[in-house]
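Colleague: Any chance you could fold what I've pasted below:
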Amino acid sequence: MDVLFFLKQVLGAIASFLIFKLLFKGGKKEKTREQSVVLMEKIRRVCKFITMERDFSEVSHYQNVKDKIANFLLGIKKAVILIKAQARIGLDLTKIEMESTPEKKTIRLKNFSRPLILSIDTDFSYYDKLEGWANKFTSEGLAEVTRNAKQHIIDKVTESSLMDQAKKEAVLAIKMMEGLAAAIEWTPAYNELVLEEALQTKKLDS
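Modeller: Got it, this is the predicted structure:
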C-alpha cells in the first residue's frame, strides 16, 4: 500500500512538472510573439521618408565641336550657361520589409530603397553667347544645350555631399533599429552588401 501511494506521489509530481513546463514554455512563446509584434511596430515608427533639399549654382560651357568645317566656314557657335537649381532627394525607408523568427529572436530587414533624386527645378541664364554669321542657334539647338546643362547639374547633385547625408540618415535609422532590438535581446538581420548597394544613388531620368 505504501509503495502504491509512493508511486502515485511520484507520478503526480512528474505530471505537475510536465504541465508546469508546458505552461511555462507556452507562456514564453507567447511573450516572444508579443515582443515580435511590439518590436516591428517600433521599427515602423523609425522607418520614414527622408527628404533633403539644396540649392546649386553651376556654370556650363557649350560649344559646337561636331562640325569643325561648318564652324570654320560659318562661324563658331558657343555659349556659357549659368544654372541655378534646387534639388530635392528622397530616401523611402517605409518600404523596408520585416520578417520575424520568434524562436531565434531575430528580425530580418530587407527591401532597402536607395536615395533618389525626386526633382530638380532649374533656371538657365545664357551669357557670352556667340553665334557665327551663318551658324545661329535654332530652337532644337537651344533644347540640346538645355538638356546638356540639366544633365550637368544632375551629375553635380549625384556627386554632392547631399547624397552622403541621405545615406548617413539611412545608416542612423538602421542603428536605431538595432538598438530597439538589442533592448529586448533580439537581433536584427540584414545583408550588409545589399544595404550598401541599395544606398547607391539612383539618378533622375533626364
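
Colleague: which stretches of the chain form strands?
Modeller: Residue ranges of the strands in the chain, as given by DSSP state E, are 49-63, 78-92, 97-101, 106-110, 116-130, 187-189.

Colleague: what packs against the fourth one?
Modeller: Yep, that's strand 106-110 we're talking about. Using 3 or more C-beta pairs under 8 Å, 6 or more residues apart in numbering; DSSP states H and E as the contact test, the elements touching strand 106-110 are helix 2-46, strand 97-101, helix 161-183, strand 187-189. C-beta here means a position set from N, CA and C on the backbone, and glycine is covered the same way.

Colleague: tilt between that strand and helix 161-183?
Modeller: Here strand 106-110 runs at an angle of 160 degrees relative to helix 161-183 (axes from the mean of the first three to the mean of the last three C-alpha atoms, to 10 degrees).

Colleague: If you count neighbours, what's buried in strand 106-110?
Modeller: Residues of strand 106-110 classed as buried: 107, 109 (neighbour count, 16 or more other C-beta atoms under 10 Å).

Colleague: average pLDDT for that strand?
Modeller: This predicted structure assigns strand 106-110 an average pLDDT of 86.

Colleague: Using neighbour counts, pick out the buried residues of stretch 164-174.
Modeller: Judged by neighbour count (16+ other C-beta under 10 Å), stretch 164-174 contains these buried residues: 165-167, 169-170, 173-174.

Colleague: Excluding sequence neighbours, find me the nearest residue to H152.
Modeller: Distances taken as C-beta to C-beta, 6 or more residues apart in numbering place S60 nearest to H152, at 4.7 Å, with adjacent residues excluded.

Colleague: Find me the pLDDT at the one you found, would you?
Modeller: The per-residue pLDDT reported for S60 equals 82.

Colleague: pLDDT below threshold where in this structure?
Modeller: Per-residue confidence for the chain (pLDDT under 70) gives these ranges: 1-31, 64-77, 130-135, 137, 192-206.

Colleague: go again using 80 as the cut-off
Modeller: 1-35, 37-38, 46, 61-79, 112-114, 126-142, 190-206 (pLDDT under 80).

Colleague: D92 contacts N111, correct?
Modeller: No. Taking C-beta atoms under 8 Å as the definition, D92 is not a contact partner of N111, at 10.2 Å.

Colleague: Those two: which is more packed in?
Modeller: Per other C-beta atoms under 10 Å, whichever of D92 and N111 has more neighbours is D92, with 16 against 10.

Colleague: For R88, give the beta-bridge partners.
Modeller: Residues found in beta-bridge contact with R88 (criterion: DSSP bridges) are E53, S119.

Colleague: Please disregard the earlier target; I meant T101.
Modeller: T106.

Colleague: how close does it sit to S160?
Modeller: Distance from T101 to S160, counting by C-beta to C-beta, to the nearest Å: 40 Å.

Colleague: same question, M52
Modeller: Taking C-beta to C-beta, one finds M52 at 10 Å from S160.

Colleague: cool, A87 as well?
Modeller: As judged by C-beta to C-beta, A87 and S160 stand 8 Å apart.

Colleague: contacting residues around the residue nearest to K110 when sequence neighbours are not counted?
Modeller: Here the nearest residue to K110 in space, its sequence neighbours aside, is E97; by C-beta to C-beta, 6+ apart that works out to 5.1 Å. Contacts for E97 were tallied using C-beta atoms under 8 Å, 6 or more residues apart in numbering; they are 109-111.
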